[in-house]
Each structure stands twice: as structure tokens, then as C-alpha cells.
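# Got a sequence here, can you build the structure:
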Amino acid sequence: MEELGDVTEVVREAVEAGVTGLIAMGVDLERSRTAVSLAHQHSEVWAAVGHFPLEPEDPDIDALRELAADDRVVAIGEIGLDFEAVGGVEPARQIERIETFFGLARELSLPVSIHNRGAGEELALAIKRHPGLRGVMHYFALEWDWAERFLDLGFYLSFAGLITRPSRAALREVVKRCPPDRLLLETDSPYGNAHKRMGVPNRPAYLFDTAEVVAELRGLDLHELDDLETANARTLFTRIRR
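Residues are numbered from 1 along each chain as shown. This next block holds a predicted model:
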């Protein structure tokens with residue numbers, strides 16, 4: 001969230017909009033430390049610690065393990081596989097990293113938040129190698145056959161502003177078919193904007209852009225969706241206190 005400017009203002013704006021719980025994701029050690037610091041400064045913020053798959057340096061697992069012991073950390077993330085980036089980290093090295101992070105998550109009884117681009121098969125196989133692993137497929141953007149595979153593995157699906165774009169009819173079908181107890185929403189701030197806000201940095205307060213579409217697709221009012229999302233988040237991210 002530091003990329004959005006004044007974090008206090010970002011949090012205040014989110015709370016005023018009705019977004020009363022936020023998770024700041026770590027994508028390397030430094031920004032994982034920042035996420036934990038923000039979580040201690042703002043009661044509405046929780047943290048995840050992780051290492052983005054395209055970071056060139058290998059993660060410091062011992063330092064991340066120590067950081068993840070903090071009671072404001074609710075997940076290991078953002079982690080994952082990205083096989084589509086040009087000149088990115090080679091797939092074999094990414095897979096070694098994800099195996100380590102899945103082991104860490106199980107060791108600490110934390111869920112994972114998984115980034116996936118072009119690596120669904122490899123991720124599904126890695127998840128199967130770690131029985132009991134819990135987590136969410138972050139910024140889910142695939143069609144129903146892939147959704148069903150990850151749901152069958154016990155994972156949640158998290159949707160962002162991508163579902164509001166006119167070209168994403170197949171993704172909206174996934175939103176409709178996703179079991180209610182596996183559905184999560186996110187902003188992926190400062191990315192992942194809804195169609196009507198293309199070109200401006202996303203903010204946690206803009207979650208309602210996505211929520212309005214999800215509620216309509218599923219035949220819910222926003223209060224019903226709010227109750228559902230709150231319950232799902234607390235079930236997955238068990239360190240979040242009520």
C-alpha cells in the first residue's frame with residue numbers, strides 16, 4: 001500500500017467506504033517487513049509475507065519464517081509461479097521456491113496466497129504434494145475447468161476488477177458457479193482496477209466496484225455479500241481476530 005502514497009489516508013478512505021479489513025501482501029523481504037509494520041500501525045490492516053516468483057534474488061526463508069511468526073501475519077504470500085514473463089526466473093527455480101514456501105506454510109499452519117500465470121498444471125501438482133495446504137488462488141482469471149481443479153484441491157478463488165471488463169464473460173461465469181464458501185474478493189491494489197477506473201491506481205476502497213458486480217451475478221444484496229466475504233476471510237485467514 002505504500003505505493004499509493006499516504007497509507008493512513010488509504011486506510012481511512014477504505015474504512016469510510018465499508019472495507020474494514022485489509023491484508024497487505026509482501027512480495028519480497030523488505031516489503032514483507034513493511035506489510036507487518038503497517039499491520040501494527042493500523043488495526044484494520046493485517047499482513048502476509050512472501051516473495052514474488054519473478055524476484056531475481058532467492059528468498060531468505062529464515063528471515064521470512066521469523067517474520068511470519070508475528071501475530072499480525074495471516075498468510076504466506078504473495079508467492080506462486082509465473083511462466084509467461086519474458087526474461088523471468090526460470091521455471092525450475094520457481095518450482096523449487098514454491099515447494100519451500102508450501103513447506104513453510106504447513107510448518108506455520110498458515111494459508112498461502114498464490115499468483116499464477118501460465119503455470120496451472122505445475123501449481124496443481126505442487127499443491128497435491130503438500131496435503132493439508134490451505135490457501136487462495138489470488139486474482140483468479142481462468143475459466144471454469146481450472147476453477148474446478150483448484151476448488152477440488154480445497155482452495156478458495158479470489159476475484160478482482162477483472163470481472164467487470166466486458167471481455168470477461170467466461171470469468172463472470174466462474175463467479176456465478178463458485179461455491180459460496182470459497183469465494184473471496186480483492187483489489188490487488190494498486191493494480192486490478194475495475195473497467196470504469198482503468199488508468200488510475202487501484203485502492204482498497206474501490207473493492208466495491210467488484211463487489212457490486214459479484215452481488216448482481218450471484219443474486220445477493222451487498223449486505224449479504226459482505227457477510228459472506230467476512231465469514232470466508234475469517235475461515236481461511238484464521239489469525240484474523242473477530
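# Can you classify Leu81 by secondary structure?
Secondary structure, DSSP: H, G, I helix; E, B strand; the rest coil: Leu81 is strand.
# Next, work out how far apart the most centrally placed residue in the chain and Glu224 are.
Closest to where the C-alpha atoms of the chain average out (Cα atoms, centre = their mean) is His138, at 3.9 Å. As for His138, its distance to Glu224 is 24 Å (criterion: Cβ to Cβ, to the nearest Å). Glycine gets a C-beta too; all of them are placed from N, C-alpha and C.
# Give me the next element, helix or strand, following the lowest-mean-pLDDT helix or strand in the chain.
None of the helices or strands of the chain scores lower by mean pLDDT, DSSP states H and E than helix 7-17, at a mean of 94. The C-terminal neighbour of helix 7-17 among helices and strands, as given by DSSP states H and E, is strand 22-24.
# Now that following strand: buried residues?
Within strand 22-24, the residues that count as buried by 16 or more other Cβ atoms under 10 Å are Leu22, Ile23, Ala24.
# That strand - contacts with which helices or strands?
If you count contacts as 3 or more Cβ pairs under 8 Å, 6 or more residues apart in numbering; DSSP states H and E, strand 22-24 packs onto helix 29-41, strand 45-49.
# which of those sits most buried?
For these, the largest average neighbour count (mean count of other Cβ atoms under 10 Å) is found in strand 45-49, namely a mean of 27.
# Okay, angle between the next helix or strand after it and helix 29-41 too, please.
Remark: after strand 45-49, the chain's next helix or strand is helix 61-68, criterion DSSP H and E. Helix 61-68 and helix 29-41 are oriented at 10 degrees to each other (axes from the mean of the first three to the mean of the last three Cα atoms, to 10 degrees).
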